[in-house]
Structures are given as structure tokens and as C-alpha cells.
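Based on what follows, work out the 3D shape:
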Amino acid sequence: MSDLPRKAVTRTAKLAALPLGIAGRATWGFGKRIVGESAELVGRELQQRTAEQLFKVLGELKGGAMKFGQALSVFESALPEDVAGPYRAALTKLQEAAPPMPTRTVHAVLEERLGEGWQELFLEFEDKPAAAASIGQVHRGVWHDGREVAVKVQYPGAGEALLSDLNQLSRFSRLLGPLIPGMDIKPLLAELKDRVSEELDYDLEAQAQQAHAEEFTDDPDVVVPQVVHQSDQVLVTEWIDGIPMSEIIADGTQEQRDRAGQLLARFLFSGPARTGLLHADPHPGNFRLLPGGPEGEDDWRLGVLDFGTVDRLPGGLPATIGESLRMTLDGEAEAVYELLCAEGFVKETIELDPDAVLDYLLPIIEPAQVEEFTFTRGWMRSQAARVADPRSPAYQLAKQLNLPPSYLLIHRVTLSTIGVLCQLGAAVRLREELEEWLPGFVPEDPADGEEAAAEA
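Now for the predicted structure:
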């Protein structure tokens, strides 16, 4: 019944062709250099051709291939504009659409999971999918109680395809690394593999989405659809309209970009504090702008979709993040270094210069230094180039730092969100959100502790 792999051998062959294509283009590039073309120009052209092939294949295959492509897509801001520009459209397709399942397959899954009379649960059901993504596709319908709903149907064989693709991509991760300067591909693939079983579990997804829906009910800024029905491989939630974030990135007004960026930052930092969960798939396909914010119909709210991947943080984001960020802004090199050592960011076998660590961190946290910061592709490119250049001190220091496993997903989500903000070109009051929602960023007032002790 599965149409996701079509045939496993076909998927494997397409993915296996990627490193062969890369190797072939490298040979072509070597030839161009022999006849006198500059290494920089040839390198750019190689990168562009490789990226075009990569994202075309990943989008066609769905499964883990597309999931990897979506994870990479938010980092296109780090690429030189003449490389990123030609395949930006392919990245947008990865965020919003993929080739759909045949109708007969969709009906078969619904019959198996909802019962033979599944049609009676709906007043209307659209066979044509409204969206198709990495492990499932969404159909629009009207539930039997009259509510407009989104029906998410998992591709048969999605689990096998996810793992197979990610294992195959891991084998040539070294070749893919140069596509995104400063991005280590291998840990990204490993982390995606670790999350496979969780993402396939629609029961866990329903729980995470409903927790957010209840917490953000009547919220003036954020809309999360309520869960209507859930069963294995089928998830029914309320439908929300809105402008996809990818369209805001492509054609939105500056006002829409700024509002989308502010709300995205607000949701990223407030979510863990309010629900104990971190939405861990922040690519533009999972967000919408909806009219009718706190200032009326001319204002906007953020619609949030897809809670298949979350990080469970019962106490909110770790206070260490806020404390180290605050101390870095205050120039407390020794204190920052001690905290990083205590948390495992610096291994016991390594000794670094605290001032050098501070110099490495300060440019990265520039958005938190000012009242309002405009995120741009140029700024992200400069950060990526600084860390990716083997001649730079930042590159050498980055290689010696360690990322503890408990921070891995938080780190990726933060980087991904920054990538989206740079795609938006949004002016964001990030410091305002950090002060409101990030534990440890605002130092505790000793008087507060005394009052709490007195009350106790």
C-alpha cells in the first residue's frame, strides 16, 4: 500500500547518486581550475550546482530525505547570495509541499485507522491534499460537528523510509558539509534519527499540541489549533487559515516581516516557560500569520502547526542559558567560562582562554545587546563565515567547545529560529522577550528571596 518509498531500491539509488554527482562536479571543477578559472568562482559554481541537485532530490523523496532538507532550508541565509538565490525556490517547496499520496492510499489508511465507516465522521473531506510534507500529508475537511479540520495522514512505511534515508545521508555527510558554512551536518542527522520514533507517534504529537492549544487559548498573539481526534497514523485538528510564513519571506511587507519575527521569537522563548515543551521544528512551513491581533483586524497573530518534534523541558529553558548570556553581555569572562565548564561546554581535558571565549560569543549574541535588532542574511553570512574559516580564531575555538546532549535540540532550534528571522529580514525586540521569558537572564533581586522566605 505504501507509496512513500515507491520502491526502497529506487530511494536508495537516488540518494546514492548524490555523492557521485558531487564527485563528478568536483572533477569538472578541477578541470576548470587547470584552464585558469579562479578557485573562488569555481567553488561557488560547484556549491550552487550541488545544492540544486541536493534539494531537488530531497524534495522528491519525502521521508527522511525531505526532513533533512527542511532542517537545512532554514540555514540558506548563511550562504552567499549568488549561491542561495538560484535554489531558494526549491527550499520553499521543501517547506510547504511534496508529491502527494494517491487517493486510494489515503482512503485505505483512513479505513484501517478510523474504521470502515470513516466517511461518516466527516460532513466533507477533500481528497486533494492541502499540504504534503516529510512523513504525512494534510487534507482539509469538515468534522461531523461542523468544525473545519485538518486531517493529517501518515504515509505508510514512513518510519522505514525515514531511517533508511537518514542512514544513507549520514554515509556521505562529509561531502554535504560545505553546503552550509559553519554547520556540522553529522550531528544534525544523528539528532534527526534520534527523533524518528517520537515524530511517528501521533499520540505524543496530539498530547504536545493539545497542551499548547490549552495554554494559548485566547492568547492575543499566538494561535494553536485544538486536537479534535487522534488515532495511530491519523491526527485530526482544527483548521486555521493564514498566510504561510514562506509567503511572508518571499513577498511580505516589512510590517508583516517584523510582526512575524517578533511573534516567532516570543513563541520560541515563552513556550517552554508556559508549557514545559519546546516546539522543535521551526521551519517556515509550520507557521502562519493570521489577521486579528491585539490591535484589531490590521494586526497579526502567529499560527503554529506541527508538534511532532518537541523537547520536554519541565522547568522551562535551562537557567544556565540566561545566566551565561547575561554575564557575557556584562563582559564577565571568568564567570562565563566557569559556568560553561561546569555545564560541560568545555571538557575537563581542555583549557581555554576565558577572554577568547568571550570574544567568540559576543558577535553571536549581538541581537541581545540592543533594544531592537534587524536580522539579515548578511549578518548570518558573516557569522557563518567567521566560524567556518579555518584561519580564524573563532574556527579554532569552536572546534574545542563541546555541546552537551541535553542542549543539542535547544541549540538547533535556536539556530533554526535565527535562520528564519534572517530570511524574514525582521526587526525584533529580542532582548524584551529574553527579559520576559528566559530564566536567569534577569538577575534575581535579593529582596524577592527575602520576601519569599518571610512568607514561608
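
In the helix or strand hosting residue 436, which residues are buried?
Using DSSP states H and E, the secondary-structure element containing residue 436 is helix 430-437. Within helix 430-437, the residues scored as buried using 16 or more other C-beta atoms under 10 Å are 430, 431, 433, 434, 437. Backbone N, C-alpha and C define where each C-beta goes, glycine included.

Next one: the residue minimising distance to the centre of the chain from residue 155, what distance?
With distances taken as C-alpha atoms, centre = their mean, residue 282 lies nearest the centre of the chain, 3.4 Å away. Using C-beta to C-beta, to the nearest Å, residue 282 is found at 22 Å from residue 155.

What of residue 316?
If you measure residue 316 against residue 155 using C-beta to C-beta, the figure is 34 Å.

Could you check what's spatially nearest to residue 203, not counting adjacent residues?
Ranked by C-beta to C-beta, 6 or more residues apart in numbering and with sequence neighbours excluded, the top spatial neighbour of residue 203 is residue 230, at 6.2 Å.

Then residue 148?
Nearest residue to residue 148 in three dimensions, chain neighbours excluded: residue 239, at 4.0 Å (C-beta to C-beta, 6+ apart).

isn't that neighbour right next to residue 149, touching?
Yes. With contacts defined as C-beta atoms under 8 Å, residue 239 counts as touching residue 149 at a distance of 5.4 Å.

Would you quantify the distance from residue 359 to residue 352?
On the measure of C-beta to C-beta, residue 359 and residue 352 end up 11 Å apart.

ok, now residue 110?
Using C-beta to C-beta, one gets 56 Å for the distance from residue 110 to residue 352.

swap in residue 265?
In this structure, residue 265 lies at 30 Å from residue 352, with C-beta to C-beta as the measure.

In terms of neighbours, single out the busier of the two.
Taking residue 265 and residue 352 together and counting by other C-beta atoms under 10 Å, residue 265 has the greater number of neighbours (24 against 16).

Before we move on, what's the pLDDT of the more buried one?
Confidence at residue 265, expressed as pLDDT, is 97.

for the host helix or strand of it, which positions count as buried?
Using DSSP H and E, residue 265 sits in helix 254-275. Of the residues in helix 254-275, 256-272, 274-275 count as buried by neighbour count, 16+ other C-beta under 10 Å.

go on, stretch 126-142?
Taking 16+ other C-beta under 10 Å as the criterion, stretch 126-142 shows 129, 131, 132, 133, 134, 135, 136, 137, 138, 139, 140, 141 as buried.

now stretch 377-394
Taking 16+ other C-beta under 10 Å as the basis for neighbour counts, the residues of stretch 377-394 that come out buried are 377, 379, 380, 381, 383, 384, 385, 386, 387, 388, 394.

With stretch 189-205 instead?
Across stretch 189-205, burial judged by 16+ other C-beta under 10 Å covers 189, 191, 192, 193, 195, 196, 199, 200, 202, 204, 205.

Now do the closest residue to the fifth one other than its chain neighbours: how many residues are near it, please.
With C-beta to C-beta, 6+ apart as the criterion, residue 195 has its nearest non-adjacent residue at 5.3 Å, and that residue is residue 309. Residues within reach of residue 309, counting by other C-beta under 10 Å, total 23.

Can you tell me, leaving aside adjacent residues, what's nearest to residue 232?
In space, and not counting its chain neighbours, residue 232 is closest to residue 113: 5.8 Å by C-beta to C-beta, 6+ apart.

Regarding the one you found, which helix or strand does it belong to?
Residue 113 belongs to helix 103-114 when elements are defined using DSSP H and E.

and for that helix, what are the contacting residues?
Residues external to helix 103-114 that are found in contact with it (C-beta atoms under 8 Å, 6 or more residues apart in numbering): 1-3, 118, 121, 127, 129, 137, 139, 151, 153-154, 156, 231-234.

filter these to the buried ones?
By the neighbour-count criterion of 16+ other C-beta under 10 Å, the contacts of helix 103-114 include these buried positions: 3, 118, 121, 129, 137, 139, 151, 153, 154, 156, 233, 234.

for the fourth one, what are its contacts?
For residue 129, the contacting residues are 100, 101, 106, 137, 138, 139, taking C-beta under 8 Å, 6+ apart as the criterion.

ok, which stretches of the stretch 101-250 of the chain are strands?
When assigned using DSSP state E, counting those that start in this stretch, the strands of the stretch 101-250 of the chain occupy the ranges 122-125, 131-132, 136-143, 148-154, 222-223, 227-231, 234-238, 243-244.

Tell me the one of the buried residues of helix 430-437 nearest residue 371?
Within these, proximity to residue 371 (C-beta to C-beta) peaks at residue 431, which comes in at 6.3 Å.
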